[in-house]
Each structure stands twice: as structure tokens, then as C-alpha cells.
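Student: I'll drop the sequence and a predicted model, then ask my questions.
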Amino acid sequence: MTDDELIWRIAGGSGDGIASTSQNFAKALMRSGLNVFTHRHYPSRIRGGHTYTEIRASSEPVTSRGDGYNFLLALGDSFARNPQEGAYYENEEIKPLSENLDELREGGVIVYDSGLLDASEIEDFDERVEANNWHVYDIDLRSMARDVGREVMRNTAGVGVTCAIAGIDTEYVEDLMTDAMPEKILEPNLEILERAYNHVVDEYDADAPDVTAPTGEHDEEQVLLSGSDAIAYGAIDEGCRFIAGYPMTPWTEVFTILSQNFPKIGGVSEQVEDEIAAAALAIGASHAGVKAMSGSSGGGFALMSEPLGLAEMTETPVVLIEAMRAGPSTGMPTKTEQGDLEHVLYTSQGDSHRVVFAPGTVSEAYDQTRQAFRIAYEYQVPSIILYDQKIGGELVNVPASHFDREPNPDLGSVLTEAELETAPHAETGKYQRFQHDVEDGVSPRSIPGQENGRFLATGNEHTPEGHIAETPENRVAQMNRRLQKAEAIRADLDSREESHQTYHGDDEAEYGLITFGSQQGTVEEAVDVLADQGYSVKSLGVSDLMPYPKEEVSAFLDSVDEALVIEMNASAQFRGLTQKELGRYGEKLSSLLKYNGNPFEPADIVEGFKTTIIKGDELPGQETTFVPAAGD
Amino acid sequence: MSAFNAIDGGREVDRNDYTPGIEPQPTWCPGCGDFSVLKALKGASAELGKSPDEILLTTGIGCSGKLNSYFESYGFHTIHGRSLPIARAAKLANPGLEVVAAGGDGDGYGIGGNHFMHTARENHDMTYIVFNNEIFGLTKGQTSPTSPKGHKSKTQPSGSAKDPIRPLSLSLTSGASYIARTAAVNPNQAQEIIVEAMEHDGFAHIDFLTQCPTWNKDARQYVPYVDIQESDDYDFDVTDRREAMDMMAETEDVLHEGTVLTGRFYVDEDRPSYQEEKQAIGELPEQPLAERYFDDSYEWERSADQFLDKHK
């Protein structure tokens, strides 16, 4: 966290254009030289319902949402339901203003659309404004928009007002609007932007001690991407040209990006009848020689359990992605959680042998998706990218050069027809696609249509040429060979220059924070805050969940006196996995859990750590839960 | 140059080429109708000159799934009900493959019914053979989706309260463009129909009546059968959807009264296959995707060149 940051929250109703306005504004801030990071909050509703997006902008790198925020643009919910006595949803229209006051920092700015919102409906509004030293701008954005163009353009008016107050050059916003908007709506929008800007300059004191946006400069060209973008591009660069899926929030984002982009590069996207079919199609395409993927969120992924096991048994490479949201069952569709860890690790009958990566940042999402494909095709196993609503939807700037890499369309362990001529065949002419004794347990495959390559793939236990067999000797040989691949994959990952695990803070620190996947950036910020306050803390963000990075995590835990495991679920699944894999450290590991639908804020971790680990007290609120160390 | 020389390779084949050396003697019960499917499929494949290396045969689970063990080709013995989604993706990945899917009536009309409807709807260019014995055989005789109403079994001790699925009508409604029924006792017709199905450009569904002498002793052996194209008693236009629907309804009504009607019920040669539809809207490349991975001269696209600009 820096003192010099803008955390701008735009709030309205679903359907009010909050997402597109915030995306453009984030990009404008990035182009101006700042680092940006966004956080979305939205309901499972098409029209109406309080939604906001927060943009945190700083000249320093930002890896997390902040603690609270300092600039509110409240547009009002234009699709709100009429307030009715006794209705649990109360007055929806005012929520973009009323629901966002608790987290607004002292001295912060409130801009609200007085054309839609009446602040006097909020209890104690004026008292709270005074007590918190908030600066309020009640501006009729709606009329401003309507006078020049259409009402929906009030978002642009809000951005204009923001620029004037925070001292942001509108040039970047204008450029973006020019790029993105058709002529017909561009002109009125530009005019509204200017009018709104001038309105503030004319009507308000320019020297008011408001929130001012920082300024910055990038060393190299940046791009603004979400985790979903990064996963999609990682797949493309690894030669994936087939995706099958069924819509489900939040995985739909990756499915959409690839469905829109694949036709441009000769790829195939199939929207099918259900997730069983989706996973089965990916397996069928891969079997026929194409790099393929599918994915879903919790409930849809549950339907993929059986095909997933088939991919393991037939050693068909495939990449599946799982975008977690709050469960169980339908849970909270648009809220984030990390509760599907055990589901993804163990679902499907029998002993699982799969690869699971949980990227911790947007750039890791790109890198690890590429690794997931490489490993899947080289070792003939299913690879899974486990992510969540948070990392899928957050936008951050990444150097464009990060994506300037060579593509890798290699199909991995596959023979050509020429190689098949001399490869081992059974007496009957079938190719021995599942040989017992092969290096790393990987027996190269042939592809249907190749001469001399025919074999039988089956979900039953099978002989080297694929025939169904239940003899104990063959069974043990095949099981051992398949399971042996996990060791080879672990050794492969460990031998690479860059580990998927991310370390942060002072190597010599006394305490450790350990997390997996999307909470990594927030944990890192908490480490920095704690270090500033004089605490000796470092962190480890784990991405490799299967095969588990035992050496790295053991070394980290050996180096600290105590460690707090941070995860977004109610049953401490990652801590359980860590203890299971390492078989010890039970005395050292306690948990800080959050499962209310919102990701951790740095302060949750900072305060949680100080209260529980340092002071040994109980946590005061219900936002997070502490589970003490249980022993081995 | 193709990486898949078995495809349209013009190799000389005869029906013995589809007999695997390792398990030439199927383990189906004596008198089982499944033998006839195997025989007809071998005959049809030989008649069409398909090499075992260019055929991908996918199966589900059950007695029918053993077809993969007794038919020599590339095979994918999948999981219960899922042979179709695997088959159709393989066809999209490499349209040159001769793709045949097979399974039982529980597999195709029960647990995999959703895939059956949607594969028919999409009209993938492939053949689907359903071994319809009106019973679950491999799990020892439970009532299946095609068992007649009142059928008694260990799991339906008072007799099934459900009307059976109408497989032909379901197929037509779902969108299949070639629909036929044949019977194990009618080997010549069976081979002819499989040949037509494999040659058909679209989803060809064959409801293949396969008697189960072990678990469905009460059921007829599907004799005598009537070939509706040969018989003078039935006159309808096989290309007319409404007439076909009436013919199917009658066929399904009389099956359990002892009249076994077989033959072609619906043939639509005009409807483009899914592959053609998908190519027409620019969502399936002309060159088979599978070839691209073996094409050393292909310039693989990068996201940095193609898609990154809009993020700047």
C-alpha cells in the first residue's frame, strides 16, 4: 500500500454499464502511467441490483484490492425494483450510495448523481459526512447526460467529474472513447465529458483538499488483462484449438473469449448440451490429435468427474479449468470462494493422477495454463487450472513483453507414422500404446487415422495394446506406471528455472503466511504492511497443488516458527492438503478463513495475524474465522 | 502430405481384416443378437473398403461395448452413455475418419439420452448403432428404457409402470437425417443398412434389434420380421418427415404386439452435415485440425500478434 493512491469505486445497478465504464477508466489510468488493479462486486442478476467495480491506481505495483477506498462515484441503480413495505431488498435505488459508505476512508470523496439519488433518504448521512471529513459532490449527472445525449451516458459525466476532482488529464479517456465508440455516440459522450469536467472546475473550489490521483510512468508498454484473458491466451499460445463447454458463471468468461477468438485462428469451439458432453468432447478431440480443453465452475465440473477419470485411465491429455464460486450447490454464483480444492483434487472414482495448478496472479494464469498444456500432452494426464471468480475477473496491467513468447503446438508424446513402423506391436498388429516399462511411465500414443497405429482406448484396465484385462500382474504394472508419472512431473517442475511457488518478504522472517491461488497478492500486501509495523513475516503462495511441491513447502515451514494459512473456504482445505502431503507441521499451522463471498482485504490478514498469532486473542467480527493449530 | 495415410488410402481389405487376433471369439452368450451387429459391421466396412486404421469405433458400456474388443480398428471404449460426444469431437478434429459409435438401449436412450438428442440435432456425419435388446444385459436383466410396459425384472418386481421409449420417433424429432431399424435375424438387410448409414453424410441412426436369449427369454426373437421397403403393405415416402413419423409411430405401436417392422424409416440427403454447417459460418477450418499439428510449415498464431492490441 502506498499513501499516494487512488481507489475509485463506481457503483450502480447491474446493466448500468459499470463494467465497461470501469474497464475503460482503468485502461486510461494505465495509459497515463499508473499501475492498476480492479475488484468487481456484482449480483446474479441481469438488470438491477447493486454492483460496483473498484479501481486501485498507484505509481507503485499493486497486487491486491486495498483496505477500503477513497473515491466513490455513485450512479444509482436505474433498474431497481420499487421499494415495497416488508420486502427484504428494501430501497434498491439508493444502495449504490448507501451500501458503499462503510468502507469509504476518512477524507474521501463522494460524487453522486443527484438526478437519481436523494442522500436525505440515508440515515445520518450528513453526520457521517462530517464525522469522516468526506467531500461530497451532488451533481445531476443524469440531466447533464440527457441534455446532450442519452441518460445512459451519465457514466461518462461521472468520469468527467472524477477527472476534474482528482486532477486526471481527460486526454486518455478521450482517446479510449475515440477508439471504442461509434461516431454517433462518440460526439455526445465527448461533449458530456467536457461539460462535466468544466462544471466541477467552474462550480467548485479547485484547491479543495480532495483526493488527488497519483502520477506515474511505465518503463515499458503495458496491457490490461483479466485472469480469464490470460488463461485464454495461454491456451492459444500452447496450440490449443478446440474448446467445448456449457455456460456457467464465472467460467463462461474464458469460454466466451476463446469462442470469439478461435474462428480467427482456425480453432473450433463447441457449446454443447451439458458438462459431461463438454469434457467428453475435449477428450474425443484430443484423442484424435488436437490440443483441447474444457472447463466449468463447481456444479458443472461435478458433471465432468466421470470423463475426467476416463482421461486418467485412457491417458488422454486434456486441460480442464475450474472457476470456483461460493458453494455448496448453486451457492452464490457471482461471489468468490476457494471451496472446490478437494473436489478438484479427488473427484472421480479410483486413485486420481492428475495435475492441478492454481495461479496466484494474472500473469501466472498465462504461464501456468501454458505449463498445464505442456505437462498434459507430454505426460498424457489431465491438467486442471483451478482459479476463481476473483482472479478471473480482476484486471491488472502486465508488461506486454510478458506475452511475447514462442508458441508451442507440440502434441507431446505422440508418434508419427514413420515412427510407428518400428514401434512395438502385438502379434495381432495392434500398436502397444500402453507399454509397461517406459521412461517416466509415459508410453507414446498414436492418433486415429495413422497407418499401423490402431489400439483400443478403454476405461477398463487393459493390456499394453489396450485389451480389457483383469490379471493382477498387468493391473499392478499399469497402475504403477500411471502413478509413476506424478513423480516425473514433480521432478520436471522442480527442475525448471522458475518455480510456480511465489515467495515474498524477508527470508529470515519468524512467521509465515501461506496461501494458494488468488489470495497471493493480498497476502503479499499484508506482509508489507506487517513488516512496516515491525513484524517479522514472510509469505508463500502455492500454485502446484498436485503433484504437491513438498520440498519447497517443507523448507518454508522449517524456516518459520509458526505459519498462518490463508484461504477462502470454511473447512481449511488447503491446510488439510498441506498436512496430508507433508505428514507433519500440525503444530505450526493455524488457519485464517473467509467465506462470506468477498475476497480478503489486506487488513483482514494484518489484523487477523496480530490478533490471533501475536496476541492469542479471539477475532472480534464475523468477517473471518480463525482455526488454531490442531497438531499432526 | 497427410499425416494420416490410412485415410482414403485405398488399401485392399476383406472382412477378416476386422477380426482381432487376440480375441477372435467373442464372449457374448450363444444366440446373442450382438454377433449379428459385429458381422454386419465387418461386412459393411469391407464392402466400403475402409481400412481398420481409418475407422474410429467408439462404444459405451454394456455387452454392446465389447464390440470394440471384437472389431479390429482404432477404438475408444468410453463410459456409460458417452460414446457420442467423444465420437463427434473426433470427427470434428479429423473429418477424414470413418466414425462409428455404438451402444445399448440403456446407454443411448437412457443415461446417454441427452447426447443422443443433441448429436442427432447437430447432424454430425457419423453412424450410430444402438443394440436394442429391451433389457440391461451385462448387469443381469434389469428393465431398460425400451422394455415394454409391464416388463417384470428384479428391479421392477411388479412390472414396469412406464411406457417404453420410442427410439425412431425420438430420433426423428431430435434431427437425425438417416433413421433405420434392422434386426439381428436379418443379416443381409443389416449389412445393407450399415453400408448406407456409413455412406450417409449426416447423423445416421440404426436401431438394431438384438435379442437377448439369456435375460430376455420372454421377448420374441424378432421373427418374423417385415422389411417395410419390400412389403406391399407399407407405402410411404421415406424422405417425407410427416409420413416417416406416421410409419415410425405404427412400428413402435406394433412391436410389442408381435409385428417386427424393419427397414429405412427416414432419409434426408439434402440436409447439410454439422461439419458443412460449421464450415459455412467459418467456424471449422477446411484443413482437418488434426493435420495441422503434423504440418511443420504451419505458422502458429500467437496471442501477442493477434489479440493483445485491444488490451493496450
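Tutor: Happy to help now that I have it.

Student: neighbours around the residue lying closest to residue A:173 once chain neighbours are set aside, how many?
Tutor: Leaving aside its chain neighbours, residue A:173 sits nearest to residue A:28 (4.7 Å; criterion: CB to CB, 6 or more residues apart in numbering or on different chains). For every residue, glycine as well, the C-beta is placed using N, CA and C. Residues contacting residue A:28 under the criterion other CB atoms under 10 Å in any protein chain shown number 26.

Student: show me what contacts residue A:28?
Tutor: Listed by CB atoms under 8 Å, 6 or more residues apart in numbering or on different chains, the contact set of residue A:28 reads A:168, A:172-173, A:175-176.

Student: show the end-to-end separation of stretch A:30-41, please.
Tutor: 21 Å (CA to CA, to the nearest Å).

Student: for chain B, give me the ranges with low pLDDT.
Tutor: Applying pLDDT under 70 to chain B flags the ranges B:22-24, B:218-220.

Student: same check on the stretch 101-250 of chain A?
Tutor: A:206-207, A:209.

Student: and it, which residues reach chain B?
Tutor: Proximity of the stretch 101-250 of chain A to chain B, by CB under 8 Å from any CB of the partner chain, involves residues A:221-225, A:229, A:232-233, A:236-237, A:239, A:241-242, A:244.

Student: residues contacting residue 141?
Tutor: Picking chain A for this. Listed by CB under 8 Å, 6+ apart, the contact set of residue A:141 reads A:75, A:113-115, A:154, A:157-158, A:161, A:196.

Student: nope, chain B
Tutor: B:135, B:153-154, B:214-216.

Student: which of those residues ranks first by neighbour count?
Tutor: Of all those, the most densely surrounded is residue B:135 (28 neighbours; neighbours counted as other CB under 10 Å).

Student: is the nearest residue to it once chain neighbours are set aside in a helix, a strand, or coil?
Tutor: Excluding the flanking residues, the one nearest residue B:135 by CB to CB, 6+ apart is residue B:216, at 4.3 Å. Secondary structure for residue B:216, judged by DSSP: H, G, I helix; E, B strand; the rest coil, is coil.

Student: for the residue sitting nearest the centre point of chain B, give me phi and psi.
Tutor: By CA atoms, centre = their mean, chain B has its centre lying nearest to residue B:128, at 1.1 Å. According to degrees, to the nearest 10, the main-chain angles of residue B:128 amount to phi -130, psi 120.

Student: these two touch, right, it and residue B:115?
Tutor: No - counting by CB atoms under 8 Å, residue B:128 stays clear of residue B:115, with 10.0 Å between them.

Student: if we can go back for a sec, which of the residues of the stretch 101-250 of chain A next to chain B sits closest to residue B:306?
Tutor: Nearest to residue B:306 out of these is residue A:236 (CB to CB; 7.6 Å).

Student: residues near the closest one, how many?
Tutor: Around residue A:236 there are 26 residues (other CB under 10 Å).

Student: host element of it?
Tutor: helix A:227-237 (DSSP states H and E).

Student: if we can go back for a sec, could you list which of the contacts of residue A:28 belong to strands?
Tutor: Using DSSP state E, no member of those sits in strands.

Student: most neighbours out of the residues of the stretch 101-250 of chain A next to chain B, which is it?
Tutor: Of those, with other CB under 10 Å as the count, residue A:232 tops at 31 neighbours.

Student: relative to residue A:578, how far out is it?
Tutor: Going from residue A:232 to residue A:578 by CB to CB, to the nearest Å gives 30 Å.

Student: try residue A:43
Tutor: Applying CB to CB to residue A:43 and residue A:578 gives a distance of 34 Å.

Student: try residue B:250
Tutor: Distance from residue B:250 to residue A:578, by CB to CB: 66 Å.

Student: the two: who's more crowded?
Tutor: Between residue B:250 and residue A:578, counted using other CB under 10 Å, the more crowded position is residue A:578 (25 against 15).
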